[in-house]
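Engineer: only geometry, no sequence info:
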């Protein structure tokens, strides 16, 4: 892609940022749609994050940014305004600049829902079991599923504080959604942990539950399919990979950038 003096910049910030997969996909999308925008990775340590927000506000050609670990909560605190979704979650992963004001959204859950929609498996009225439900991606996915009309949730979270936070989110904002303690056949299984990044990792769900699921989803992004997705495919269960969730992220973030 040609980068000129008029190119607008949409960085992805994090620390470490070296493992992100977003720039090639976003840059292909920008080029495919004829947009003079480029995504670049920016390594921003926590000690410099406040200076970055000052730069973003004053820059003439940075239109916003994508936010990854560990800055999503810091991004929320720095916003001038945000979507109700981001306010519920207390985290932001997408920022839009408007007249030196920073507007934030949390699109991880929307991205997963977009990838699920592409499989044809309905969310509304369904049952979903989320492992890592209180983590950054997990709680965003829980909120988005509730927004889309999920009927029942199994919230699997080992950290007590995170477990309390996601339980409180559902109770406060989505009281009509049932919360269960035991997984069920034909549930949508979602791994929102890092299990699967290494071949030595344990399976996020037992093989029996995987093969009886309606759909198996994984937020983990690897160069090869995760063991979770491979086992699901061997049982002819449809899957959503981390890459497919990433594809869903492209459109929802771009929609937010365009206002």
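Structural biologist: Structure received. Computed from a predicted model, the values in this text were never measured in an experiment.
Engineer: residues contacting residue 135?
Structural biologist: Residue 135 makes contact with 157, 162, 192-193 under the criterion CB atoms under 8 Å, 6 or more residues apart in numbering. C-betas here are computed from N, CA, C, even on glycine.
Engineer: got a markdown table for these, with secondary structure and pLDDT too?
Structural biologist: Converted to a markdown table, those look like this (DSSP: H, G, I helix; E, B strand; the rest coil; pLDDT from 0 to 100):
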| residue | secondary structure | pLDDT |
| --- | --- | --- |
| 157 | coil | 95 |
| 162 | helix | 94 |
| 192 | coil | 95 |
| 193 | coil | 93 |
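Engineer: among these, who's most crowded?
Structural biologist: residue 192 (28 neighbours; other CB atoms under 10 Å).
Engineer: so what's that residue up against?
Structural biologist: 130-133, 135, 137-138, 141, 219.
Engineer: mind checking pLDDT for residue 34?
Structural biologist: Here, the pLDDT recorded for residue 34 equals 93.
Engineer: what's the closest non-adjacent residue to residue 130?
Structural biologist: In this structure, residue 130 finds its nearest non-sequential neighbour in residue 190, 4.7 Å apart by CB to CB, 6 or more residues apart in numbering.
Engineer: let me fix that: residue 81
Structural biologist: Excluding the flanking residues, the one nearest residue 81 by CB to CB, 6+ apart is residue 103, at 5.0 Å.
Engineer: and for residue 197?
Structural biologist: Once flanking residues are discounted, residue 197 sits nearest to residue 220: 5.6 Å by CB to CB, 6+ apart.
Engineer: what lies in contact with the host helix or strand of the residue nearest to residue 81?
Structural biologist: Element membership of residue 103, judged by DSSP states H and E, is strand 101-105. For strand 101-105, the external contacting residues (CB under 8 Å, 6+ apart) are 53, 56-57, 64, 75-76, 78-83, 85-86, 92-97, 256.
Engineer: what about the helices in the chain?
Structural biologist: In the chain, the helices defined using DSSP state H lie at 22-32, 49-58, 72-78, 84-89, 108-119, 136-147, 160-173, 207-211, 227-234, 242-257.
Engineer: next, format these as a markdown table and append distance to residue 179.
Structural biologist: What follows is the helices of the chain, written out as a markdown table (distance: least, CB to CB, whole Å):
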| stretch | distance to residue 179 |
| --- | --- |
| helix 22-32 | 32 |
| helix 49-58 | 34 |
| helix 72-78 | 24 |
| helix 84-89 | 16 |
| helix 108-119 | 17 |
| helix 136-147 | 10 |
| helix 160-173 | 6 |
| helix 207-211 | 18 |
| helix 227-234 | 23 |
| helix 242-257 | 23 |
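Engineer: next, name the residue at the spatial heart of this protein.
Structural biologist: Nearest to the mean C-alpha position of the chain, counting by CA atoms, centre = their mean, stands residue 108 at 2.2 Å.
Engineer: what's the neighbour count on the nearest residue to residue 72 once chain neighbours are set aside?
Structural biologist: Once flanking residues are discounted, residue 72 sits nearest to residue 91: 4.1 Å by CB to CB, 6+ apart. For residue 91, the number of neighbouring residues by other CB under 10 Å comes to 24.
Engineer: ok, residue 134 next?
Structural biologist: Every residue meeting other CB under 10 Å relative to residue 134 is counted, giving 23.
Engineer: distance-wise, check it relative to residue 30.
Structural biologist: Note on residue 134: its distance to residue 30, by CB to CB, to the nearest Å, is 34 Å.
Engineer: what does residue 177 give?
Structural biologist: Separation of residue 177 from residue 30 (CB to CB) stands at 37 Å.
Engineer: over to residue 223?
Structural biologist: Applying CB to CB, the value for residue 223 to residue 30 is 23 Å.
Engineer: ok, residue 75 next?
Structural biologist: The spacing between residue 75 and residue 30, counted by CB to CB, is 22 Å.
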